[in-house]
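Asks: Generate a structure from the sequence data that follows.
(2 chains)
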Amino acid sequence: MDYNFQDIEKKWRAFWAENKTFRAEDNSTKPKFYVLDMFPYPSGAGLHVGHPLGYIASDIYARYKRLQGFNVLHPMGYDSFGLPAEQYAIQTGQHPAVTTKTNIEGGVDNQGNKIAGYRNQLDIMGFSFDWDREVRTSSPDYYKWTQWIFKQLYNSYYDTTADKAQSIDVLIAEFSTNGNTKVNATNDCDITFSAEEWKAFSEKRKEEILQMYRLTFLADSWVNWCPALGTVLANDEVVNGVSERGGHPVEQKLMRQWSMRIKAYAERLLTGLDTIDWTDSIKDQQRNWIGKSVGCSVRFEVAFDSASVAFDSAQSTNEMKVSERSRRAEIEVFTTRPDTIYGVSFMVLAPEHPLVDEITTAEFAAGVAEYKKQASLKSERDRQADVKNITGQNTGAFAIHPFTGEKVQIWIGDYVLASYGTGAVMAVPCGDQRDWEFATHFGIEIINIFEGKDISEGAYTEKDAVIANSDFLNGLPAPKAIKLAIYEIEKRGIGKGKTQYRLRDAVFSRQRYWGEPFPVYYKDETPYLVDDKHLPITLPEVDKYLPTEDGEPPLARAEKSAWNHFEGDRMEYNTMPGWAGSSWYFLRYMDPKNDNEFVAKEKVDYWQNVDLYIGGSEHATGHLLYARFWTKFLYDLGYVPFDEPFKKLINQGMILGRSSFVYMVYITYTVEVDSEVKEVVDDKIFFFSRNPYLEENSEDFQKLIERREQVRKNINFEGYQSLPITHLPMRVDISLVDNDVLNLDLFKKTYKYKELTKNKEVEFILEEDGTYICGHEVEKMSKSKYNVQTPDELVEKFGADTLRMYEMFLGPLEQAKPWDTKGINGVHNFLRKFWRLFNIDESGNAQLSNDAPSKEALKTLHKTIKKVGDDLDRFSFNTGVSNFMICANELTDQKCNNKQILEELVVLLSPYAPHVCEELWVKLGNEAGTLSYAKFPEFNEAHLVEANIAYPVSFNGKMRFKIELPTALTPKEVEAEVLAFDQTQKYLEGNTPKKVIVVPGKIVNVVM
RNA sequence: GCGGAUGUGGUGAAAUUGGUAGACACGCUAGACUUAGGAUCUAGUGCCGCGAGGUGUGUGGGUUCGAGUCCCUCCAUCCGCACCA
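Replies: This is a model prediction of the structure:
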């Protein structure tokens, strides 16, 4: 009986669903194992073959762990809030909840297109998900708890002494007893107050101050504003100055926004990386994003001497105030190289630095104003792109060097960023290349403080120099000098040792409809939290999904009655960003239906963190960082017993599309109609298999030349016309192409080229065998490129087991690879071959031998058990498939139909090809549905031991022949046998061997 | 510029600890068979050479009895970050 995969797969999928075969138990004595995929955003386009790659790998691993006796949690859900559904809603008026439901469950969209549905597409792959645990971030049952976590963050601050988050009540109590002078907390508060002052503050003022401490807070901050999307974006959602989604320009705007004080966790996010098993590349990306630098702050006093200051004559009241303050100002800088402080010959402030106007002298006021204007006009992107162009402007002011007491010039320059450190630097041209270039460009003094280093061609930036010319630092190597300099700076009270992070607090509000509403209302424009008993605050209905006319977010359109809970003057109009729901979803799977807690303590205590997480590397600085942050926070509050969410992370490589091209080739000429010159396309159009210019001497190319002469005659042109030949590559849908051969009939019938060629003669330039070969290019798989391969078609044609194994066989999981179906037959044939081993007769019974298995069959089996097991342990799924093929080939050669051997193999193969294995498992006489919990075969080395071994013998490292010797021989005996062997003399060529190296069981090398 | 990764036949790739380079599969060549099936079976297939043999893992060097694997140099491609003081 043939391998009828369609019936088999259908049958077992139904069986698994009906019997809930893959349900994970919360109360189990078995050890747990948590295998998680990054959940998908359910888009209308559906899944292509790239999406399931990671899911297949994780499913194989989950099934493997079940066979090893683990209680496996392997859930799936949907990250279902997001932009595409909202934009579709704006265009069509359809509620995003409806679109989202259709995209998940299948159906017809409101333009009549059939949607397969994510769930159906996932189901046909035979994944062993426990669907009873499904979560959707856009479901109120789920986002109730996203809102609840937000509230916990709001009610917490970061205590830097205890190095953990604490209740904000602790802080309020401290304010009431001691004010804020003794508080050690991560904050943005730049004022100090006493207990009495605190008590005297109004409620509104108190809340304003608390906002500067809370872990999520409302503040006016410079944000990435994307006008096209009408919303702000987090730093990780902005790539090269444009939005990650859609590629729209992004500008800086000062707005009142919710933020997450992720900065508080910078150090723990950094050190935590050392405890988890992720790739170096992702860890480095996170380290880079956090951007820790160790150094110290130093304050330079501004030298206000009467002669040089601008505002003696200035009228501004603001400046008058400064003048009244007895004109004292300090510039604080951050440096990682305090050892080079004697090399400071000037200072540079960011153009936006608040002190700039205050210190600029009259002489330079116009220049500074002009420079500031230029800088503000440049976008962030332009400023970054324009690195080579050195620009700057002297302010005319001076600072006093804190050690030498000398005056150094103060400049402004846009290479200093307002957003990093203090927005000011002490410039050390001998030790920093940018400072060196700046000094050289503007002719500022360069002081060399490195012993014996030449700085005439550039700065010396290594930290291995000895410091000179620097008073108390003289003669010290840089690392020691750094320590001493910090000590001295602190002693003199002009700064202190400090660690700086590049990590910014994360903007947490979006001016969108399709996201979680905040559990927040306003009274007198002061935010208050909604009480837990009113959660979730559900999304209110609105008339349109667009911002209001005054630029308020879409939720501002909601009537008061549209809110399920309304309090105060108004509710919060912003919604949460996409990463809110995905920052904790892995916890909800443990307890998805709990209505009283986000996850019950005993469940999270049992399941712990994710043992294996598989997903794309594009989330390196977004989701993966935020999820770690929230986990650490929930750990601090005692809700979860671990502070890293994902123990091991594997990033599957992207599957790229292979686009096919046809090349339209035609001649153009110009004609004058009513004194207007028009370009005309010739009446004949050629379709070439490839660029004809690549083969200019070919026969086919001659056809073009002839045609051109024809055209030349036809149009009867006067004067010179070059008659250019246009070569236009056009994508064709890959469904019309099989191994680069174009289905010409179908192409002619269906393709859009008709419009372009109507009323024209068309000639296809064919290969010698009459086929038309398409060109191809590897690029991202996308609908617009006509190169999408859906899993559905392949499952239909070859079966899910074949597709699962083929995607694994393609290459290492982590590697990016172009999609190509050329090899799929090989994998399909393997499964047929495997099926044939069972000798299944027409009535569907397996004809197997019950005898004791042969020695060689046992050897094949145990070799395979060992290799496949090892491959699974190191996530080498591609070699696993190879090993199954080798095994099937060997058993076929051995004509093995031994029941005992085949039964173990069925278990071994079942993680990769679950459907066919279930079928065979039952044919072997086992109970339906028990395969998933069978025992993974045990490897027995005894079956691999052979009496003889074929030693490869090499001479000076070159392998010459093999010699069959008993395994038990000692190296000495092997050496003797080899030297006595006939062929040895031939390869010795009369030399006496100097040495013979015998690696037992491996190789013999004769050194001459 | 900095960081990470990769480089092996016509193609996808394998070689886990330094020990027979190219397993497995696709493709291709030749043949067999037939219930004409995206079958099956046999033989071959890195390159050069009729052959003996030579040569071969991006380049050049080194360590070693032995290097795809370790070290150094350079080249190419991909990814991430990028005036971060």
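
Asks: Show the contacting residues for the residue lying closest to A:M808 once chain neighbours are set aside.
Replies: Counting by CB to CB, 6 or more residues apart in numbering, A:M808 lies nearest to A:F877, which is 4.0 Å off, once chain neighbours are set aside. C-beta coordinates here come from the backbone N, C-alpha and C atoms, glycine included. A:F877 sits next to A:57, A:60, A:808, A:813, A:871, A:912 when contact means CB atoms under 8 Å, 6 or more residues apart in numbering.

Asks: A:Y933 and RNA strand B, how far apart?
Replies: In this view, A:Y933 and RNA strand B are 27 Å apart by CB to the nearest atom of the strand, to the nearest Å.

Asks: Assign the residue nearest the centre of chain A to helix, strand or coil.
Replies: Nearest residue to the geometric centre of chain A (CA atoms, centre = their mean): A:E618, 1.7 Å. With DSSP: H, G, I helix; E, B strand; the rest coil as the basis, A:E618 sits in helix.

Asks: Which residues are in contact with it?
Replies: So, once contact is read as CB under 8 Å, 6+ apart, A:E618 ends up touching nothing.

Asks: Which residue comes closest to the residue in the stretch 451-600 of chain A that RNA strand B sits nearest to once chain neighbours are left out?
Replies: In the stretch 451-600 of chain A, the residue that lies nearest RNA strand B is A:R502 (3.7 Å; CB to the nearest atom of the strand). Among residues not flanking A:R502 along the chain, A:G291 sits closest, at 2.6 Å (CB to CB, 6+ apart).

Asks: Can you give me the neighbour number for the one you found?
Replies: Close neighbours of A:G291, defined as other CB atoms under 10 Å, add up to 14.

Asks: do the same with the one 10 residues further on
Replies: The burial count assigned to A:E301 is 15, neighbours taken as other CB under 10 Å.

Asks: So it: helix, strand or coil?
Replies: Of the three states, A:E301 takes strand under three-state DSSP.

Asks: Please tell me how far the residue nearest to the centre of chain A sits from RNA strand B.
Replies: Separation of A:E618 from RNA strand B (CB to the nearest atom of the strand): 7 Å.

Asks: same thing with A:K204?
Replies: For A:K204, the distance to RNA strand B equals 34 Å [CB to the nearest atom of the strand].

Asks: Tell me how many other residues crowd A:P479.
Replies: Neighbour count for A:P479, taken as other CB under 10 Å: 10.

Asks: Let's verify the nearest residue to it once chain neighbours are set aside: helix, strand, or coil?
Replies: Distance criterion CB to CB, 6+ apart; nearest residue to A:P479, sequence neighbours excluded, is A:K463 at 6.5 Å. Classification of A:K463 using three-state DSSP returns coil.

Asks: picking up where we left off before, how near is the residue nearest to the centre of chain A to A:L270?
Replies: According to CB to CB, to the nearest Å, A:E618 and A:L270 sit 21 Å apart.

Asks: interface residues of the stretch 751-900 of chain A facing RNA strand B?
Replies: By CB under 7 Å from any atom of the strand, the part of the stretch 751-900 of chain A that sits against RNA strand B consists of A:797, A:809-812, A:815-817, A:820, A:822-823, A:825-830, A:832-833, A:867, A:870-871, A:874, A:876, A:878-879, A:881-882, A:885-886, A:889, A:892-893.

Asks: Just the ones of those in helices?
Replies: Using DSSP state H, A:797, A:809, A:825-830, A:832-833, A:867, A:870-871, A:878-879, A:881-882, A:885-886, A:889, A:892-893 are the members of these that sit in helices.

Asks: Among these, name the buried ones.
Replies: Among those, those buried by neighbour count (16 or more other CB atoms under 10 Å) are A:809, A:827-828, A:830, A:867, A:871, A:878-879, A:881, A:885.

Asks: Out of those, which two sit at the greatest distance?
Replies: Using CB to CB, those span at most 21.9 Å, a distance reached by A:H828 and A:K867.

Asks: measure A:A424 to A:P547 for me?
Replies: 38 Å.

Asks: A:E25 touches A:N71, doesn't it?
Replies: Yes - using CB atoms under 8 Å, A:E25 is in contact with A:N71, at 5.8 Å.

Asks: neighbour-wise, which of the two wins?
Replies: Higher neighbour count among A:E25 and A:N71: A:N71, with 19 against 13, using other CB under 10 Å.

Asks: Where does the prediction get shaky in the stretch 651-800 of chain A?
Replies: A:690-698, A:717-721, A:751-754, A:768-769 (pLDDT under 70).

Asks: Would you map the strands across it?
Replies: A:655-673, A:676-681, A:684-688, A:725-732, A:737-738, A:741-742, A:761-764, A:775-779 (DSSP state E, counting those that start in this stretch).
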